[in-house]
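Colleague: my questions are about this predicted structure, shown below with the sequence.
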Amino acid sequence: WSFNPSAMTFADGAMYVHAQNGGMIPTAIWGTGSTCEITGYVSGSKPSNASQDFYNFVWNCAGQAQNIDVAWYDNTINGNITIVNTGPGSGFQFRMTSPSAGTPNTMTIRGDVNVIGGDFASNGSSSQGIITVNHYGNINLSGGEFSVSRGSGTTARWNLYGNFNATGPAVLSAGGSGVGSSKLVFVKSGTQKLAVDTLTYANDNVNFEIDPGCILQLSTDWHVSNLTMAGGSIDLNGHTLSYGSTPNPALTYSAATAQTTSDAEFPSSHGPVSLALNNSVGITIHAPRIVSNTLTLGGNASYTNLGYITGYANVSYSATVPQTTGAELPPSITNLIVNNGGGVTLSAPESVLGTLTMSAGKLMLGANNLIARAVSSTSGYVVTNGAGTFTVDSIGSNPTRIPVGTAASYNPVIINCAAGSSDNFTVRVDTGVYEPSECDTSHAVRRTWTVAEGSPGSCLVTMAFQWNNGESGSNMSPANAIWRYDTS
């Protein structure tokens, strides 16, 4: 290495060893073949001045006693990253960065990532953030744990152009909020290789994606967790792909061009338990398949041979265009999810044995009745735009918001029974007021809620109604805004 007052340079073969807890890494030009190795970190403040464009970077801290991130922000590591040790026992984590370093954050790794021992992660924050890693070398796991992200609030995308090799007792994990939140993405145009002799998945959030132009060639059998086919393909190369390393492995199709499923990623046995069809052009199912958990209908709602998919307990409508339910929705389903801002139209009566989840958009009943054992709503609601009604079962003493409304406005009713009692309640809401001729509707809310108790008189009921500005008469007073009208 060489030194002058304005710049220190580590040349090819030079090594800087930081053998102290805390302290400062010197500002330097890290030339090709140089190495910065950290060996002394235990706890407390991280080594300062660590956000530099290193060539080789080694973390080998046997006495490490807490998690640490080195706040890399838009940095480039021109050589390899090697993780040897992050503390005794199960150890702690070495993290490349956190959202506090800056977000969005794009980091580049030109060499390999080698995890020999310890716990390596891109980040570990619960704060919101977006991290992208563009990695042009290989991932080599011979021990320890590699985490695309350990943060519950941060979305991390690890774009891998090299090969993935797990040759020892390694663990792969990811943070985030489930399928699709953080991903290890195979992005090379051409063939990439995957070998997983010994690999364990730490949780249900480990997501792989194969991008357009990529052919992922297996060098071993692959027991996959969650897989997204975004336009690439899989070359089994004489090996098998199976699902089941996590409790709820999912397969997603999300390409921007038409797709047809295949045996390679969608095997007839040991396949995914959930399937998401999020293709933005259209997708064709190539053969009959059984999925036992959730069928998600997203994308542009163009599905060919959808009847080949059977066995699912839940259906989620999440397309980018309006949807109408069809033969894919049986007369009864365990859980039904509506997450379509364009709306979903119910084409037949439906019974939801578990929970109706209204995440976004409107579920229009038309002439069809809808029954649900439970209901959850964030921004969506049920539109009673025909003769159909919405029934929620077993409402007890906890106030239950029944998310109903008209095509133009959200007008829920909140119902609860006296302690120790419960009943089913059927609700609909209409525009206007059903009034006796002698009543002055300028004192009323211009909505009519029809509420029917399953067993009339079985419980003492409290109800609260919600309306919006502009939906009440000019002389309306909230204390006298509700009339009881029982057709007589």
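Modeller: Great, that's in hand.
Colleague: and the spatially closest residue to G396 that is not a sequence neighbour, how many neighbours does it have?
Modeller: Excluding the flanking residues, the one nearest G396 by C-beta to C-beta, 6 or more residues apart in numbering is S422, at 3.9 Å. For every residue, glycine as well, the C-beta is placed using N, CA and C. Per other C-beta atoms under 10 Å, the neighbour tally for S422 reads 18.
Colleague: tell me who's in contact with S422.
Modeller: By C-beta atoms under 8 Å, 6 or more residues apart in numbering, S422 lies in contact with 394-397, 459.
Colleague: chain neighbours aside, what residue packs nearest to R446?
Modeller: Spatial nearest neighbour of R446, chain neighbours left out: E471 (5.2 Å); criterion: C-beta to C-beta, 6+ apart.
Colleague: the one you found and T431: what is the separation?
Modeller: When C-beta to C-beta, to the nearest Å is the yardstick, E471 and T431 sit 9 Å from each other.
Colleague: anything in contact with each of the two?
Modeller: 446-447.
Colleague: which residues does the residue nearest to G124 when sequence neighbours are not counted contact?
Modeller: Spatial nearest neighbour of G124, excluding adjacent residues (C-beta to C-beta, 6+ apart): R150 at 3.9 Å. With contact set as C-beta under 8 Å, 6+ apart, R150 has these partners: 93, 95, 121-124, 173-175.
Colleague: among the residues you listed, which one lies nearest to A62?
Modeller: Nearest to A62, judged by C-beta to C-beta, of those is Q93 at 14.8 Å.
Colleague: list the residues that contact the closest one.
Modeller: Contacts of Q93 (C-beta under 8 Å, 6+ apart): 67-68, 86, 119-121, 124, 147, 150.
Colleague: wait, the residue nearest to R446 sits on T448?
Modeller: No - look at E471 against T448 with C-beta atoms under 8 Å: they stay out of range, at 11.4 Å.
Colleague: gap between I371 and Y161?
Modeller: In this view, I371 and Y161 are 52 Å apart by C-beta to C-beta.
Colleague: list the buried residues in stretch 280-288.
Modeller: Buried positions in stretch 280-288, judged by neighbour count with 16 or more other C-beta atoms under 10 Å: 280, 282-283, 285.
Colleague: what mean pLDDT does that stretch have?
Modeller: Mean pLDDT, computed over stretch 280-288, is 96.
Colleague: repeat that for stretch 416-423.
Modeller: 94.
Colleague: dump it to CSV, keeping only the CA atoms.
Modeller: Provided in CSV are the C-alpha atoms of stretch 416-423 (Å, rounded to 0.1, in the frame of the first residue of the first chain):
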residue,chain,number,x,y,z
ASN,A,416,-73.2,-5.7,17.9
CYS,A,417,-75.4,-7.8,20.1
ALA,A,418,-75.7,-7.6,23.9
ALA,A,419,-73.2,-9.7,25.8
GLY,A,420,-73.8,-13.4,25.7
SER,A,421,-75.9,-13.4,22.5
SER,A,422,-75.2,-13.5,18.8
ASP,A,423,-77.1,-13.8,15.5
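Colleague: so how far is it off the chain centroid?
Modeller: Chain-centre distance of stretch 416-423: 36 Å, with C-alpha atoms, centre = their mean, to the nearest Å.
Colleague: kindly report the same for stretch 39-56.
Modeller: Averaging C-alpha positions (C-alpha atoms, centre = their mean) puts stretch 39-56 32 Å from its chain's average.
Colleague: could you work out the end-to-end span of that stretch for me?
Modeller: Taking C-alpha to C-alpha, to the nearest Å, stretch 39-56 runs 14 Å from one end to the other.
Colleague: do the same with stretch 112-130
Modeller: End-to-end distance for stretch 112-130, by C-alpha to C-alpha: 22 Å.
Colleague: circling back to that earlier point, so which of the contacts of R150 are in strands?
Modeller: Judged by DSSP state E, the subset of those located in strands is 93, 95, 121, 173.
Colleague: grab the nearest non-local neighbour of T106.
Modeller: T132 (4.5 Å).
Colleague: mind telling me what element that neighbour is part of?
Modeller: Here T132, judged by DSSP states H and E, is contained in strand 129-135.
Colleague: flag every buried residue along that strand.
Modeller: Using 16+ other C-beta under 10 Å as the burial criterion, the residues of strand 129-135 that qualify are 129, 131-135.
Colleague: next one: stretch 243-255
Modeller: Neighbour-count burial for stretch 243-255 flags 243, 245-246, 248-255 (criterion: 16+ other C-beta under 10 Å).
Colleague: again with stretch 64-84
Modeller: Residues of stretch 64-84 classed as buried: 64-65, 67-73, 75, 77-84 (neighbour count, 16+ other C-beta under 10 Å).
Colleague: biggest strand in this structure by residues?
Modeller: strand 350-360.
Colleague: what sits up against the helix or strand that that one is followed by?
Modeller: Note on strand 350-360: by DSSP H and E, the next helix or strand toward the C-terminus is strand 362-364. Strand 362-364 is contacted from outside by 338, 343-346, 370, 380-383, 385, 405, 407, using C-beta under 8 Å, 6+ apart.
Colleague: which of those residues are buried?
Modeller: Listed as buried from the contacts of strand 362-364 are 338, 343-346, 370, 380-383, 385, 405; burial here means 16+ other C-beta under 10 Å.
Colleague: let's see which of those end up in strands.
Modeller: Under the assignment DSSP E, those contribute 338, 344-345, 370, 381-383, 405 to strands.
Colleague: of those, closest to N205?
Modeller: For those, the nearest to N205 is V338 (24.0 Å; C-beta to C-beta).
Colleague: thought that closest one was touching E350?
Modeller: No - V338 is not in contact with E350 according to C-beta under 8 Å; the separation is 11.4 Å.
Colleague: can you redo the contacts of R150 as CSV with distance to S455 and pLDDT?
Modeller: Converted to CSV, those look like this (distance: C-beta to C-beta, whole Å; pLDDT from 0 to 100):
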residue, distance to S455, pLDDT
Q93, 56, 95
R95, 58, 96
A121, 55, 94
S122, 56, 94
N123, 54, 92
G124, 53, 89
S173, 50, 80
A174, 49, 74
G175, 48, 67
